[in-house]
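**Q** This is the structure alone, sequence omitted:
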Ligand SMILES: [Zn+2]
């Protein structure tokens, strides 16, 4: 097993906006870190209660927030996440609502778990999703407030064109051309991402990443491209997760980079 115990005693904190962000943005890396011995803590700011629903029958008489909470815990279990902190800030309004509270929650989580690295969205929020940008802003300022004692901060990025390739692969498998990624234009993903500084090979963890993504059943329905791509296609398309180390005053040594290949930009 590669990386076995390499991260023993290390803690990584991932901060995201909605259930499913963790699996789509960096599920392979979280699983790889967990397998390498890291304690992975996931902070999710909202229950995703305002998002579209793939199948109302999955919610039944219950409420979407609790269904998505269960789905998130299932995904976290698949990825080997040790602790899930799920907050109830308003989905769709994360950039402006509860700003001091979310900031304080991230600060107190960093104080409590003392992570060796923090992962979150970059400035582009993957595709300019305002909730994602809000979580990026809160996490950035929370980490920055630790000054030189701040843990290293890492931004998830998405290669431009990759979601288009995922959709095209699913269509070649028979997915309807009308199906969509929650109504988001596939080319929007990663469109304005700054170049990564390193890329983590997660190909051996892709089947778990895909299983975690699919466990968000109220978001990933039968017509989702994530449901229709084969493991071999996923290994090719989702098997590399790019990251960028954020510029902070942190004096800490790099941590997650140990898993990655440095990207030399031309
Ligand atoms: Zn999201």
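**A** Structure's in. What do you need? Since this is a predicted model, take the numbers as computed values, not measurements.
**Q** For the residue of the chain found nearest the ion, give its distance to residue 87.
**A** Nearest residue of the chain to the ion (Cβ to the ion) works out as residue 18 at 3.7 Å. Every residue, glycine included, has its C-beta placed from N, CA and C. Applying Cβ to Cβ, to the nearest Å, one obtains 11 Å for the distance of residue 18 from residue 87.
**Q** Give the residues shared as contacts by these two.
**A** Common contacts of residue 18 and residue 87, defined by Cβ atoms under 8 Å, 6 or more residues apart in numbering, comprise 44, 45, 46.
**Q** Between those residues, which sits nearest residue 168?
**A** When the shared contacts of residue 18 and residue 87 are ranked by distance to residue 168 (Cβ to Cβ), residue 44 comes first, at 29.9 Å.
**Q** what sits against that closest one?
**A** Residue 44 makes contacts with 16, 17, 18, 19, 21, 22, 72, 84, 85, 86, 87, as judged by Cβ under 8 Å, 6+ apart.
**Q** And the buried ones among those residues, selectable in ChimeraX?
**A** Selecting only the buried entries of those in ChimeraX, with 16 or more other Cβ atoms under 10 Å as the criterion:
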select :16,17,18,19,21,22,72,84,85,86
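**Q** Which ones among the contacts of residue 44 lie within strands?
**A** 16, 84, 85, 86 (DSSP state E).
**Q** Can I get the residues you listed in CSV including pLDDT and distance to the ion?
**A** Shown next, in CSV, are the ones in strands among the contacts of residue 44 (pLDDT from 0 to 100; distance: Cβ to the ion, whole Å):
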residue, pLDDT, distance to the ion
16, 98, 7
84, 98, 15
85, 98, 16
86, 98, 14
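**Q** List the residues that contact the residue of the chain closest to the ion.
**A** When contacts are counted by Cβ under 8 Å, 6+ apart, residue 18 touches 44, 45, 46, 47, 48, 51, 68, 91, 131.
**Q** can you rerun that using 10 Å?
**A** By Cβ atoms under 10 Å, 6 or more residues apart in numbering, the contact set of residue 18 is 24, 44-51, 68, 72, 91-92, 94, 129, 131-132, 135, 216, 219.
**Q** Those residues of the stretch 101-250 of the chain touching the ion, which are they?
**A** With Cβ under 5 Å from the ion as the criterion, the stretch 101-250 of the chain does not meet the ion at any residue.
**Q** Okay, strands next: where are they in the stretch 101-250 of the chain?
**A** Listed in chain order, the strands found in the stretch 101-250 of the chain under DSSP state E, counting those that start in this stretch are 117-121, 153-156, 198-201, 240-245.
**Q** Pick the most buried one from those.
**A** Comparing the strands of the stretch 101-250 of the chain by mean neighbour count (mean count of other Cβ atoms under 10 Å), strand 117-121 ranks first with a mean of 27.
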